[in-house]
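Colleague: next comes the sequence, and after it the predicted model I'd like to discuss.
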Amino acid sequence: MASKVSPFLHSGTVAQADKLSIVHLKRDLQLPTILREHDDDDEGYAEGKVVNTRFGSFPHKTLIGRPWGSQILASRVDTGSRGRRDQKPEKRHRDGIEAPEKKRKRDELEEESKTASKRSRADNGESLDAGVNESVVAKEEAEAVTAQSGFIHLLAPTPENWTSSLPHRTQVVYTPDYSYILHRLKARPGSQIIEAGAGSGSFTHASARAIYHGYPGSEVPNGSHTKKQKLGKVWSYEFHEQRHEKLQKEIHDHGLDGIVEITHRDVCEDGFLVNGKSPNAEAVFLDLPAPWLALPHLVRSKPGTFVSPLNPSATVYICSFSPCIEQVQKTMSVMRQLGWVDIEMVAIAHKRFEIRRERIGIDNGAQRGLQTIPASVDEALQRLLEVEGNFKVFHDTGAKTKRKRDNPNNREKIMESLVEKKIYKDGKLVHRTEPEVKNHTSYLVFAILPQEWSAEDEARVRAEWPAVARKGDGVVTMSNRALKKAATRAAREEREKAAAAKKAHASELNGEKSEEKPAISGEKSTIPIESPVLDGGESDFKAS
């Protein structure tokens, strides 16, 4: 079992030290921060490690242990040079804060205090290598004092929040795109996904959450001792060396080791095998400038000794992420040549709608979504009289009259508007779309590579599931549903044959009866009659 559980998979209920959290400043403005109990980087703040934002300063001590979603008030922190304590010597000398003579004296005092501390710990029988950071012990951190204004919200790390706050090293795959991509790739717990072109790691974190089914080394999966758990994994590849190193560090800091394996490689040239082993992937995501160059490595078999990176016993789904239509055309052409089927292109357009109440009036103060036009004739007349009165006073005395206007955002006015006037019910509901669509506009090409089917597989399946429908020219095998349809069709054919035979028999009977009927008057008929014998001889007469 992994010693460090990722906050992206199990964030808990409160913010913890040495783990990632998201500082939400405002809409679409978030800041990822790893919370520290002590200022190990020696930034010099008296309050320890501090997050400085446009809305104030927030010591990490005020964030650790707080529930997710909490509103955190800013603290009074001196961010200038006078508010720093024990800055690094070279920085003080560079900024002209401390002369070299004072620096030497201060270093001597610090060395003496450290020596005295070691001597006292040795006298008390304490180990000098107990793991206690002496710099932290020597520097006492001050308690944070709440400021008069400024606040943030503390959010749990999720792939969606990480996408909005991550450092952009490349164009990222935003939430509207990767949510649809993972759905089409049928990513589920236990799946193996290949990601070519990791970039900033947005899709990496989202796919890691989608395929997560436990850490490697889990002894009892899902509470069962008999069923073996299939662990999911993301096989990520990045060509750029610096991006690969930064992403590898982020994956380690976020606790995703064992779930995500990052390889520094050009997959268009070197393929997808890792240390000579196949990832056995069921899903592939390509975010490459020339994805058609990587497609020849994503096949079932090749002449000669070839190890496929795909799962041989499963259908493989692929998605190519390309910004230009020319890339799409070439990619689809190569897919057809390599046997991919059900090829289609999709473009995602994501828009966010904002619902608000539109109120009209000039006495409610400057509020968001309020139109500054009179709500009634009386309100307009009162404002007109006020303007004309001010105009007259100015021409008579030359003094400007300031309009006495109450602050609409104080507590009394807010409670009055909510309880008495119920201003939240005034106005009509309107919706507006956001002016900008924040997602990487690209074309998504999806395709499917069916499972390879051999004669041995066909014989094995026929032997395991025999399904003989009927005998005619040959034995026809089909599914149970097809068997029912075939039986119904055979019964219908038998009924039709029986009805045809019965009809033919009836026709024959009708024909025999018509031959036995007497001749109809007016028709000629030959009837033999006996004539009398004349002169002892026989004579035949025919009467007509």
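Modeller: Yes, it's here.

Colleague: can you map out the helices along the stretch 1-150 of the chain?
Modeller: Using DSSP state H, counting those that start in this stretch, the helices found in the stretch 1-150 of the chain span residues 89-95, 100-123, 134-138.

Colleague: where among those is the average confidence lowest?
Modeller: When those are compared by mean pLDDT, helix 134-138 comes last with a mean of 44.

Colleague: run a quick neighbour tally on the closest residue to residue 169 other than its chain neighbours.
Modeller: Spatially, and ignoring its direct neighbours in sequence, residue 169 is nearest to residue 200 (4.8 Å; C-beta to C-beta, 6 or more residues apart in numbering). C-betas here are computed from N, CA, C, even on glycine. Using other C-beta atoms under 10 Å, residue 200 has 21 other residues around it.

Colleague: so residue 307 makes contact with residue 278?
Modeller: Yes - applying C-beta atoms under 8 Å as the test, residue 307 and residue 278 come out as touching, 5.3 Å apart.

Colleague: who's more crowded, those two?
Modeller: residue 278 (16 against 12).

Colleague: tell me the contacts of the more buried one?
Modeller: By C-beta atoms under 8 Å, 6 or more residues apart in numbering, residue 278 lies in contact with 307, 308, 309, 310.

Colleague: try it again at 6 Å.
Modeller: 307, 309 (C-beta atoms under 6 Å, 6 or more residues apart in numbering).

Colleague: now the one 3 residues further on
Modeller: With contact set as C-beta under 6 Å, 6+ apart, residue 281 has these partners: 192, 194, 309, 310.

Colleague: tell me how far it lies from residue 24.
Modeller: Noted for residue 281: a distance of 35 Å to residue 24, by C-beta to C-beta, to the nearest Å.

Colleague: and for residue 455?
Modeller: As judged by C-beta to C-beta, residue 455 and residue 24 stand 60 Å apart.

Colleague: compare the two (neighbour count), which wins?
Modeller: Set residue 455 next to residue 24 and count neighbours by other C-beta under 10 Å: residue 24 wins out with 19 against 7.

Colleague: three-state assignment of the closest residue to that one other than its chain neighbours?
Modeller: Leaving aside its sequence neighbours, residue 24 sits nearest to residue 153 (C-beta to C-beta, 6+ apart; 4.2 Å). Secondary structure for residue 153, judged by DSSP: H, G, I helix; E, B strand; the rest coil, is strand.

Colleague: what about residue 153, neighbour count?
Modeller: Residue 153: 15 neighbours (other C-beta under 10 Å).

Colleague: ok, the closest residue to residue 350 other than its chain neighbours to residue 182 distance?
Modeller: Distances taken as C-beta to C-beta, 6+ apart place residue 176 nearest to residue 350, at 3.6 Å, with adjacent residues excluded. Relative to residue 182, residue 176 is positioned 12 Å away (C-beta to C-beta).

Colleague: any weak-confidence spans in the chain?
Modeller: By pLDDT under 70, the low-scoring segments of the chain are 1-3, 79-140, 218-228, 359-372, 401-409, 417-418, 421-427, 435-440, 467-479, 512-544.

Colleague: all helices of it, in order?
Modeller: For the chain, the helices defined by DSSP state H occupy 89-95, 100-123, 134-138, 159-165, 175-184, 202-211, 241-253, 267-270, 325-337, 377-397, 411-415, 455-464, 480-515.

Colleague: hmm, residue 451 is touching residue 316, no?
Modeller: No - here residue 451 lies out of contact with residue 316, judged by C-beta atoms under 6 Å, at a distance of 8.3 Å.

Colleague: these two: which has the busier surroundings?
Modeller: Shown here are residue 451 and residue 316; by other C-beta under 10 Å, residue 316 has more neighbours (23 against 13).

Colleague: bridged to that one, which residues?
Modeller: residue 449 (DSSP bridges).

Colleague: export stretch 305-316 to CSV, keeping only CA atoms.
Modeller: C-alpha atoms of stretch 305-316 as CSV (Å, rounded to 0.1, in the frame of the first residue of the first chain):
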residue,chain,number,x,y,z
THR,A,305,9.1,-9.7,-33.8
PHE,A,306,6.6,-7.0,-32.6
VAL,A,307,5.1,-6.5,-29.2
SER,A,308,1.9,-4.5,-29.3
PRO,A,309,1.2,-1.9,-26.6
LEU,A,310,-2.5,-2.8,-26.9
ASN,A,311,-4.6,-5.3,-24.9
PRO,A,312,-4.9,-8.4,-27.2
SER,A,313,-8.1,-9.5,-25.6
ALA,A,314,-10.1,-6.3,-25.6
THR,A,315,-11.5,-3.7,-27.9
VAL,A,316,-9.3,-0.5,-28.0
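
Colleague: re the thing from before, quick one: which of the helices of the chain is nearest residue 295?
Modeller: Closest of these to residue 295 is helix 325-337, at 5.0 Å (criterion: C-beta to C-beta).

Colleague: list the buried ones in that closest one?
Modeller: Buried residues in helix 325-337, counted by 16 or more other C-beta atoms under 10 Å: 327, 328, 330, 331, 332, 335.

Colleague: who touches it?
Modeller: Residues outside helix 325-337 that contact it (C-beta under 6 Å, 6+ apart): 291, 292, 295, 320, 322, 343, 345, 443, 445, 447.

Colleague: what subset of the residues you listed is buried?
Modeller: For the contacts of helix 325-337, a neighbour count by 16+ other C-beta under 10 Å gives the buried set as 291, 292, 295, 320, 322, 343, 443, 445, 447.

Colleague: any idea how this structure splits into domains?
Modeller: Listed domain ranges for the chain are 20-123+138-159, 160-220+227-347, 353-433, 454-498 (source: automatic domain parsing).

Colleague: out of those, deepest packed?
Modeller: The highest mean neighbour count among these, using mean count of other C-beta atoms under 10 Å, belongs to domain 160-220+227-347: a mean of 18.

Colleague: what's the closest non-adjacent residue to the residue nearest the centre of the chain?
Modeller: Of all residues in the chain, the one closest to the mean position by C-alpha atoms, centre = their mean is residue 179, 3.2 Å from it. In space, and not counting its chain neighbours, residue 179 is closest to residue 206: 7.6 Å by C-beta to C-beta, 6+ apart.
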